[in-house]
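Participant: Build me a model:
(chains A and B)
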Amino acid sequence: MEPNTALLGPDNDYLRLFDANRGKLTQSIPSFLVDLRKEAVESFRMLGIPGKKNENYRYIDLQTSFNNTFRKELQPKNITFNVEDIFRCDIPELDADVILVLNGIYYDTHRPMRELEGGILAGSLAEAFRLFPGIVEKHFGKYADHRKDGLVALNTALATDGFFLYVPDGIQMKKPIQVINLLMSDEPTFSQQRNLLVIGKGASVSLVVCDHTLSPEKFLSNNLTEVFAARDSRFEITRLQNEHNASTQVLSQFYMQEANSLVNNNTITLHGGMVRNNLYVQLNGEGAENNAYGLFITDQGQHVDNYTFVDHAVAHCNSNQLFKGVLDDYSSGAFNGRILVRKDSQKTVAYQKNNNLLLTSDARINTKPQLEIYADDVKCSHGAAVGQLDKQAMFYLQSRGIGRDEARLLLMNAFANEIIAKIQVEPIRERIAELVGKRLRGELSRCHNCTMHCC
Amino acid sequence: MTQDKILHEVTQGEYKYGFYTDIEQDALPKGLNEDIVRMISARKNEPEFMLEFRLKAYRHWLTMKMPQWPHLKIPAIDYQEIIYYSAPRQKAKLNSLDEIDPELKATFDKLGIPLDEQKVLSGVAVDAVIDSMSVKTTFKETLAELGIIFCSMSEAIREYPDLVKKYLGSVVPYTDNYFSALNSAVFSDGSFCYIPKGVRCPMELSTYFRINAANTGQFERTLIVADDDSYVSYLEGCTAPMRDENQLHAAVVELVAMERAEIKYSTVQNWYPGDKEGRGGIFNFVTKRGMCRGNYSKISWTQVETGSAITWKYPSCILRGDYSTGEFYSVALTNNFQQADTGTKMIHIGKNTRSRIVSKGISAGKSNNSYRGLVKVLKGAENARNYTQCDSLLLGDKCGAHTFPYIEVENKNAVVEHEATTSKIGEDQIFYCNQRGISMEDAVGLIVNGYAREVINQLPMEFAVEAQKLLQISLEGSVG
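Facilitator: Numbering: from 1, shown residues only, chains lettered A, B, ... in the order given. Here you go, the predicted structure:
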């Protein structure tokens, strides 16, 4: 491989960042991580930030975002604040264990690692490096391959902290855990967050993740989550993305699923300037099941790009993908999904669907559902549709005295509800239904949850 | 087990067009450079504008790299090892069939191509192209009465330079892709067809392509122009001898449909697919594109792809006229080590344009079969409508079937649908047939034919029969 020439530009800053912090990045961490970071730097030098020539990134221009001038530091400025003063949670009814992450760094210096009921460990990843190097070494960097994607390499090389969760075997967690990711700074900021979740055999846990921006500055975040779901485990994650229009968010999630594990991954994108969600799933044991549901609502110049890659590595696994988009104004969206059924992965059942509503003639959608199949006894299908609201349904409602606007809203809500109905945790589902309803009415302001009203 | 037996029998079936005819060849030395391009042009007594066209294309080709994106494993191609011009040696211009080289005539008789006008009952006008040189065009006079021009490309360049100048490269410019640039530089012949205003072509027009000589690339160029209110149905067939080395076929087909014109283009592609170990076979890298230029025009592509070691082509429609329609019907079958990456592009530009894609992939043996298609609706294409259906059938557990659709929509009134399924032949279907006394082999043939029916039905009669037979030969029984 030849070094990526794009790196000769401002992207080189990211490499310099490593050189400048070499000491910090290679001290007081397990030795395997030191090697991994060095390898990841070399990978990034080769791969760079993926451009539109990269088939997986052909509908999104990330290079321009990454070339913007940001404050690039490993440890963003230390901000202390009282959370209640500036932040009001979207889901106040939820009884959950709350964990705060600020600009990619775990925010609770007094309790960097908490032990919850049943021996569940939740806290800072940096702390986990120190306390549980054994668990970390077993899983960290094992599912996200830095040699394949420049953004994974960048995160692996430079991310220092994030969220760590360990659920021991057989533990059924009753309360969901809520992770709130906040971005707040007085200057344009680049941040990276690295999360590691290990769900033990037969364990069950539910997670809610909310992404918010609390100040009007430009933000660029490159976050990565690795999840290991051991055999017979159950895991549900519901992510609510709600960032302002000047933010660019890359979220990569990697799942390794063992036999009979079940993962539900719900991603609701309410707002965000440019959002890229990468979802990689490897079904590695018979009977594993993965359900990925996504809903995105865009307006103005927003762009939301969903990429999925589901790898049926063994036989008898199920996967389901349903992504829906509602696009208004001159916004754009993309769906790029891939199902790979490897040789001998017989009796695979894999579905993939992407439906989109275009509300204006300036909105754009690109969709690319893909099947790659090397086994013959499988049931695989995919579908994609782009269209407007059903004229007959509109007529039905209007002829019954429901006004045009109200009828439109009703149908759009119904369109979105197919995704929302998949969320298992009730208070979250209800709250998200309400937020989506507001969003579709255009009432959800950029910083709905911010008390500063800065924009 | 019966299915293994049947599989064995069928895979033993040899390619029956694999013979080689010893015809005296007039060939240029192998390799490619500006002199070769000049020599091709000179050999064919081409006017100056053609030489310029070729040279521009060649210089552009030099700046390009072979694309790497397809889902194919392509061995490196040495472009200096290919003979770019090879023609059956011809002494004088031919006027009647008797003057054709008897060896050549025997070749076409073997292939079952009706070159002999007297015997033709099907009423198909044929342009036979051997090693990319047109050797004989039948029914020319009958067609001429209606004002239809149907001749070889080199003749068209000499006789109708204005038409050629106007339309050649207007749909597939030489800058379009790597192989269209190469073809534009070195194409030796092909078919040209012009249907004047208001004329409905009374018979199927057909070109039969044959690669004969060794180490030769076939680079033919087809141009069909249907003027206002005209209609033409065009067939294309192809075969090649069995050889151990790979041969390159890089053709360009351009279709232009004016106001209310309709072009139906059917292909039954049966190039030599290589042997059971994957040795030899044709690389079929073809650029086919139609432009619906006028309002209410229609272009329909139908293809049955059973041959070639590697098939890499996307017959496309640019729907520029309002209310224009594009259709693509395809059956692609791969067996042994064959690879196919084929599909279509539908570019909606005009208002109220419609397109329909029906693709049926069948993979057997150790082959890989991919559908790749683009449906693009541009901003001005109000009320565009597309429906895509692509199904894959897997016969055996060592083959692969892949689907890569691209949908790009920039207009809110567009309705675009894509559906795809991948499956194997249902055990219940087989059981149903067996239970009624239909043998395993017949049952598979029946089911596959039923599966491909939607596409085969689009073929003209003469071809539908051939296609059905081909499917049977290449496939029947290769699973249970």
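Participant: ok, B:Arg354 to B:Phe328 distance?
Facilitator: Distance from B:Arg354 to B:Phe328, counting by Cβ to Cβ, to the nearest Å: 12 Å. Yep, even glycine has a C-beta here, placed from its N, CA and C like the rest.
Participant: With neighbour numbers in mind, choose between these two.
Facilitator: Regarding B:Arg354 and B:Phe328, a neighbour count based on other Cβ atoms under 10 Å in any protein chain shown identifies B:Phe328 as having more, with 27 against 19.
Participant: what pairs with the more buried one across the strands?
Facilitator: In this structure, B:Phe328 bridges to B:Trp301, B:Ile357 when assessed by DSSP bridges.
Participant: The closest residue to chain A within the stretch 251-400 of chain B: neighbouring residues, count only.
Facilitator: Here the stretch 251-400 of chain B gets closest to chain A at one residue, B:Leu394, 3.8 Å apart by Cβ to the nearest Cβ. Counted with other Cβ under 10 Å, residues neighbouring B:Leu394 total 27.
Participant: ok, now which ones touch it?
Facilitator: B:Leu394 makes contact with A:373, A:375-376, A:378, B:363, B:400-401, B:422-424, according to Cβ atoms under 8 Å, 6 or more residues apart in numbering or on different chains.
Participant: Over to it. Which of the three states is it?
Facilitator: Per DSSP: H, G, I helix; E, B strand; the rest coil, the secondary structure class of B:Leu394 is strand.
Participant: Could you give the bridge partners of it?
Facilitator: Going by DSSP bridges, B:Leu394 is paired in beta bridges with B:Ser363, B:Lys424.
Participant: now A:Tyr330: how far from B:Ala443?
Facilitator: Relative to B:Ala443, A:Tyr330 is positioned 55 Å away (criterion: Cβ to Cβ).
Participant: Repeat that for A:Val436.
Facilitator: Going from A:Val436 to B:Ala443 by Cβ to Cβ gives 51 Å.
Participant: show me the contacts for A:Leu409.
Facilitator: Under the criterion of Cβ under 8 Å, 6+ apart, the contact list for A:Leu409 reads A:440-441.
Participant: pLDDT of stretch A:209-219, averaged?
Facilitator: In this model, stretch A:209-219 has a mean pLDDT of 87.
Participant: Remind me which helix or strand whatever residue of the stretch 51-200 of chain B ends up closest to chain A belongs to.
Facilitator: When Cβ to the nearest Cβ is the measure, the stretch 51-200 of chain B has its nearest residue to chain A at B:Trp69, with 6.4 Å between them. Using DSSP states H and E, B:Trp69 falls within no helix or strand.
Participant: Please name the residues that touch it.
Facilitator: If you count contacts by Cβ under 8 Å, 6+ apart, B:Trp69 has them with A:Glu55.
Participant: For it, grab phi and psi.
Facilitator: Phi and psi for B:Trp69, reported as degrees, to the nearest 10, are phi -70, psi -20.
Participant: And it, how far from B:Ala226?
Facilitator: From B:Trp69 over to B:Ala226 (counting by Cβ to Cβ), the distance is 32 Å.
Participant: Quick check: bridge partners of the residue nearest the centre of chain B?
Facilitator: Nearest to the geometric centre of chain B sits B:Thr267, at 5.0 Å (Cα atoms, centre = their mean). In this structure, B:Thr267 has beta-bridge partners B:Glu236, B:Gln303, where bridges are defined by DSSP bridges.
Participant: Check whether it really touches B:Ser300, as I assumed.
Facilitator: No: using Cβ atoms under 8 Å, B:Thr267 makes no contact with B:Ser300, being 11.7 Å away.
Participant: Next, count neighbours for residue 362.
Facilitator: The chain I'm using is chain A. Taking other Cβ under 10 Å as the neighbour definition, A:Asp362 ends up with a count of 17.
Participant: I was after chain B.
Facilitator: Neighbours of B:Ile362 under the rule other Cβ under 10 Å: 30.
Participant: Isn't it up against B:Ala332?
Facilitator: Yes: B:Ile362 sits in contact with B:Ala332 when judged by Cβ under 8 Å, with a separation of 7.2 Å.
Participant: hey, what's in contact with both of these two?
Facilitator: Shared contacts of B:Ile362 and B:Ala332, counting by Cβ under 8 Å, 6+ apart, come down to B:Asn369.
Participant: Surely A:Val101 touches A:Gln178?
Facilitator: No: with contact taken as Cβ under 8 Å, A:Val101 and A:Gln178 are classed as non-touching, separated by 11.1 Å.
Participant: of those two, who's got more company?
Facilitator: For A:Val101 against A:Gln178, the residue with the higher neighbour count under other Cβ under 10 Å is A:Val101, and the figures read 25 against 22.
Participant: can you list contacts of stretch A:117-131?
Facilitator: Residues external to stretch A:117-131 that are found in contact with it (Cβ under 8 Å, 6+ apart): A:28-30, A:33, A:97, A:99, A:106, A:108, A:111-116, A:132, A:135-136, A:160-168, A:171-174, A:177, A:194-196, A:205.
Participant: What residues of it count as buried?
Facilitator: Taking 16 or more other Cβ atoms under 10 Å in any protein chain shown as the neighbour-count basis, stretch A:117-131 is seen to contain the buried residues A:120-129, A:131.
Participant: coming back round to it: for B:Ala185, see how far away the residue of the stretch 251-400 of chain B closest to chain A is.
Facilitator: Between B:Leu394 and B:Ala185 the distance, using Cβ to Cβ, works out to 40 Å.
Participant: Show me what the helix or strand where B:Glu52 lies is packed up against.
Facilitator: B:Glu52 belongs to helix B:48-62 when elements are defined using DSSP H and E. With contacts defined as 3 or more Cβ pairs under 8 Å, 6 or more residues apart in numbering or on different chains; DSSP states H and E, the packing partners of helix B:48-62 are helix B:34-43, helix B:161-167, helix B:178-186.
Participant: That helix versus helix B:34-43: what angle between them?
Facilitator: Counting by axes from the mean of the first three to the mean of the last three Cα atoms, to 10 degrees, helix B:48-62 lies at 150 degrees to helix B:34-43.
Participant: Let me see the mean pLDDT of helix B:48-62.
Facilitator: Taken as a whole, helix B:48-62 has a mean pLDDT of 92.
Participant: ok, residues contacting it?
Facilitator: Contacts to helix B:48-62, defined as Cβ under 8 Å, 6+ apart, come from residues B:32, B:34, B:37-38, B:40-41, B:157, B:161, B:164-165, B:168-169, B:174-175, B:178, B:181-186.
Participant: so how far is it off the chain centroid?
Facilitator: 24 Å (Cα atoms, centre = their mean, to the nearest Å).
Participant: hey, C-alpha coordinates of it in PDB?
Facilitator: What follows is the C-alpha trace of helix B:48-62 in PDB, where atoms were taken according to Å, rounded to 0.1, in the frame of the first residue of the first chain:
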ATOM      1  CA  GLU B  48      -9.800  11.300 -41.800                       C
ATOM      2  CA  PHE B  49     -12.400  11.900 -39.100                       C
ATOM      3  CA  MET B  50     -12.400   8.300 -38.000                       C
ATOM      4  CA  LEU B  51      -8.700   8.200 -37.700                       C
ATOM      5  CA  GLU B  52      -8.800  11.300 -35.500                       C
ATOM      6  CA  PHE B  53     -11.600   9.700 -33.400                       C
ATOM      7  CA  ARG B  54      -9.500   6.600 -32.900                       C
ATOM      8  CA  LEU B  55      -6.400   8.400 -32.000                       C
ATOM      9  CA  LYS B  56      -8.100  10.600 -29.500                       C
ATOM     10  CA  ALA B  57      -9.600   7.500 -27.900                       C
ATOM     11  CA  TYR B  58      -6.300   5.800 -27.900                       C
ATOM     12  CA  ARG B  59      -4.500   8.700 -26.200                       C
ATOM     13  CA  HIS B  60      -7.300   8.900 -23.700                       C
ATOM     14  CA  TRP B  61      -7.100   5.200 -23.000                       C
ATOM     15  CA  LEU B  62      -3.400   5.500 -22.200                       C
END
